[in-house]
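> Can you look at this prediction? I've put the sequence above it.
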Amino acid sequence: MADTRTGCRPVTLALAGIGASALAVGAGAALLNLFGPTLPYVIRDGPKGSLDDEEFVRFLTAVTDGTLHRCRVTRLHNGEEFYPAEFEAIRDARHSINLEYYEFGNGKVPSVFLDALVERARAGVQVRLTVDAAGSFQTPAKFFERLKAAGGQMRWYNPLRPLTWQRVNNRTHRKLLTVDGRIGFIGGAGIDDRWFYGTRKSPPWRDTVLLVEGEAVGGLVSAFSENWLESSGEILSGPGQFDFQPSPDGARGFVVISTPHGGGTQARILFQTLIHSAKKSLCITTPYFLPDHSVRRGLIHAARRGVHVRILTAGPYIDHPLVRKMSRIASRHLVEAGAEIHEYQPSMIHAKLLTVDSQWCVAGSTNFDHRSFGLNDEVNLAVLDPELAATLEGDFAQDLRQSRRLTQEMLHERGFVGRAAQILDRGLRRES
């Protein structure tokens, strides 16, 4: 028996070593996904006037490759508002429906949407659906068979296959819907019961979606067509896809289509530029707040020059608790610089919103983390609209009343976690 145990020991040690190595590689990959590496986004100079000056508007659209349009934008608050509006738009479609979602579940809400899509496909409407293979991995392919049988088209984005492993980190995190080229929806919410019924561990998720009308819908169609081509090989065409209607009485806005294939991302440029240019206030809502070097530096500089920096992020109902821990570590020096960071208490907050100086509004799929800024395909709508900003900031104030502000004492971890946090914190301070 002793000889048998001795003979097995090298094998056991070898397997343990392999396991430890795998864990180290996994942990390293996770940290890279959370914190970088990233380009050092620096703005040496920029327009000095107000954020509604024509010079600044031209500057912002040029650096983000946006096309400025007039558009009417309506804020839809939580699933009880945006799901009925999206469902009604699908039901009224006459020519085309395009959907692209990171999360498309297989529960009650997704089934209602699928029923509506099937009905429209049978009526002759061109229905196209792109679903991220990783974000919706729990949804079986057979769930969409009814849509295909009715004449609709569905494609998985970047399915997990041996020949595509090198692109496994590139996901489409976009959440958008366009109907007949006339109306669009963009925001942080997927198609899943979490946003309407909640989960076993959380009440319904807090989120915001914007309803867009006018020529800016063309930017959403363009974003969809990009990933549709990658997923299906088909160049988007057909009746009702490009019937964009002018909106002379709307606000000025543009869609920012972001993909990491060029090394940087347009979403990253958009957020960094607006943070750098803020003069009065920054209101940020993001479920996962893991700012990299450039964002941390930008927010610290903004706070130190007198900008009222307030950040609202997920609290106890967060779906990734480790991210909350890491977020608190990354937040310490921001709080020291004068920024406010609040954690939402009633449920998981999933909205991705930014208002700047009560003038510019940004809504879409981008989180304040490296995955969104450097790895994912994202889409955002930037609008120069003080009225919309007032609405979003009213929501922000209401959310803050249901949140807990973090203090420096709360951000001081103890024990092993505290020692690890101190090591990471020293690294973050050297970067900032």
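Good, I have the coordinates.
> Looks to me like Leu117 is in a helix.
Yes - per DSSP: H, G, I helix; E, B strand; the rest coil, Leu117 lies within a helix segment.
> Identify the residues contacting it.
The contact partners of Leu117, taken as C-beta atoms under 8 Å, 6 or more residues apart in numbering, are Ile90, Ile97, Leu99, Val127, Leu129, Leu147, Gly152. Glycine gets a C-beta too; all of them are placed from N, C-alpha and C.
> Surely Ile269 is in contact with Val63?
Yes - using C-beta atoms under 8 Å, Ile269 is in contact with Val63, at 5.5 Å.
> Which one of these two is surrounded by more residues?
Legend: neighbour count by other C-beta atoms under 10 Å for Ile269 and Val63, higher for Ile269 (20 against 15).
> Using the three-state scheme, assign that one.
helix.
> if I look at it, how far off is Ala223?
16 Å (C-beta to C-beta, to the nearest Å).
> pLDDT score for the residue lying closest to His308 once chain neighbours are set aside?
The shortest distance from His308 to any non-neighbouring residue, by C-beta to C-beta, 6 or more residues apart in numbering, is to Ser281 (4.5 Å). Per-residue pLDDT puts Ser281 at 98.
> just Ala2 next, same as before
Looking at Ala2, the pLDDT reads 43.
> still on that earlier bit, Asp180: which of the contacts of Leu117 is nearest?
Nearest to Asp180 among the contacts of Leu117, counting by C-beta to C-beta, is Ile97 at 8.0 Å.
> Contacts only, for the closest one.
Per C-beta under 8 Å, 6+ apart, neighbours of Ile97: Ile90, Leu117, Arg120, Val125, Gln126, Val127, Arg128, Leu177, Thr178, Val179.
> and the helix or strand where Ser231 lies, how far from the chain's centre?
Using DSSP states H and E, Ser231 sits within helix 217-232. Counting by C-alpha atoms, centre = their mean, to the nearest Å, helix 217-232 is centred 17 Å from the centre of its parent chain.
> Who are the packing partners of the helix or strand following that helix?
Downstream of helix 217-232, the first helix or strand assigned by DSSP H and E is strand 251-258. Judged by 3 or more C-beta pairs under 8 Å, 6 or more residues apart in numbering; DSSP states H and E, strand 251-258 is in contact with strand 69-77, helix 217-232, helix 266-277, strand 378-384.
> want to throw the contacts of Ile97 into TSV with distance to Arg324 and pLDDT?
Compiled in TSV, the contacts of Ile97 are given as follows (distance: C-beta to C-beta, whole Å; pLDDT from 0 to 100):
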residue	distance to Arg324	pLDDT
Ile90	35	98
Leu117	35	98
Arg120	40	98
Val125	42	98
Gln126	42	97
Val127	38	98
Arg128	36	98
Leu177	30	98
Thr178	34	98
Val179	37	98
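> Show me what the helix holding Ser231 is in contact with.
Under C-beta under 8 Å, 6+ apart, the answer for helix 217-232 is 66-67, 69, 71, 98-100, 128, 130, 153, 155-158, 172, 174, 176, 178, 181-184, 186, 212, 234-236, 241-242, 244, 254-255, 257, 259, 377, 379, 381.
> out of these, which are buried?
The neighbour-count test (16 or more other C-beta atoms under 10 Å) marks 66, 69, 71, 98-100, 128, 130, 153, 155-158, 172, 174, 176, 178, 181-184, 186, 212, 236, 241-242, 244, 254-255, 257, 259, 377, 379, 381 as buried among the contacts of helix 217-232.
> Tell me which stretches of this structure form helices.
Here the chain has its helices, by DSSP state H, at 2-35, 54-63, 79-91, 108-122, 145-149, 217-232, 266-277, 293-304, 321-337, 370, 386-400, 415-431.
> tally of neighbours for the nearest residue to Pro159 once chain neighbours are set aside?
Closest residue to Pro159 apart from its sequence neighbours, by C-beta to C-beta, 6+ apart: Ala133 at 4.3 Å. The tally of other residues near Ala133 (other C-beta under 10 Å) stands at 20.
> Same check on Ala330?
Neighbours of Ala330 (other C-beta under 10 Å): 26.
> got a list of what it touches?
Neighbours of Ala330 in contact, by C-beta under 8 Å, 6+ apart: Phe289, Leu290, Pro291, Arg296, Leu428.
> which of the residues you listed has the most neighbours?
Of the contacts of Ala330, with other C-beta under 10 Å as the count, Pro291 tops at 27 neighbours.
> Got the domain ranges for the chain?
37-63+253-431, 74-232 (automatic domain parsing).
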